[in-house]
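1. Sequence first, predicted model second:
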Amino acid sequence: MKDPSRSSSSPSIISEDVIINGHSHEDDNPFAEYMWMENEEEFNRQAITLLMKRFLLIVQIEEELWEEEFIERCFQEMLEEEEEHEWFIPARDLPQTMDQIQDQFNDLVISDSSSLEDLVVKSNLNPNAKEFVPGVKYLNI
């Protein structure tokens, strides 16, 4: 269907003249080449949103890297502290034979009976106290 506003008496346009600067002469809008700017604000909004998401992702990754580095330093400091201090190592510090165990046990036994009597005389413990049984409540009567 033809547009009634255009008369059929208009001269025919040669195909070379139809497109000038990417637009045909039939375009009545002189700003047609700038129409892409119509949605520029929405485009800018989307671009800013995308940039903010990328920025937040970068910040999150950077925080994770800092956290990993901090944990690594903590482990390193812990290992250095263990090397500085003499720690109990069962394979090294526990006696290996029964003779060594017996020697250590003998060192713990009090062999002097006079010192044992002094220990009892100087004691603050009540010899008449009831025997302590865990889990049993005693009433003061």
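-> Great, that's in hand.
2. quick one: the strands in the protein?
-> Residue ranges of the strands in the chain, as given by DSSP state E, are 19-20, 23-24.
3. Quick one: mean pLDDT over the first one.
-> The predicted model assigns strand 19-20 a mean pLDDT of 53.
4. again with stretch 128-136
-> 82.
5. Mind listing what's buried along that stretch?
-> Of the residues in stretch 128-136, none count as buried by neighbour count, 16 or more other C-beta atoms under 10 Å. Glycine gets a C-beta too; all of them are placed from N, C-alpha and C.
6. Mind exporting the C-alpha coordinates of that stretch to CSV?
-> What follows is stretch 128-136 as a C-alpha-only set of coordinates in CSV (Å, rounded to 0.1, in the frame of the first residue of the first chain):
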residue,chain,number,x,y,z
ASN,A,128,38.2,-37.3,110.9
ALA,A,129,36.7,-35.9,107.7
LYS,A,130,34.3,-38.1,105.7
GLU,A,131,35.6,-39.7,102.6
PHE,A,132,34.9,-37.7,99.5
VAL,A,133,32.7,-39.5,97.0
PRO,A,134,32.3,-37.7,93.6
GLY,A,135,28.6,-37.0,92.7
VAL,A,136,27.3,-37.4,96.3
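7. what about the longest helix in this protein?
-> helix 40-84 (DSSP state H).
8. Please report the distance of Phe70 from Glu77.
-> Separation of Phe70 from Glu77 (C-beta to C-beta, to the nearest Å): 11 Å.
9. what does Glu64 give?
-> 20 Å.
10. Asp118 too?
-> Counting by C-beta to C-beta - Asp118 and Glu77 are separated by 49 Å.
11. how about low-confidence regions in this structure?
-> Scanning the chain for pLDDT under 70 picks out 1-27, 95, 109-116, 138-141.
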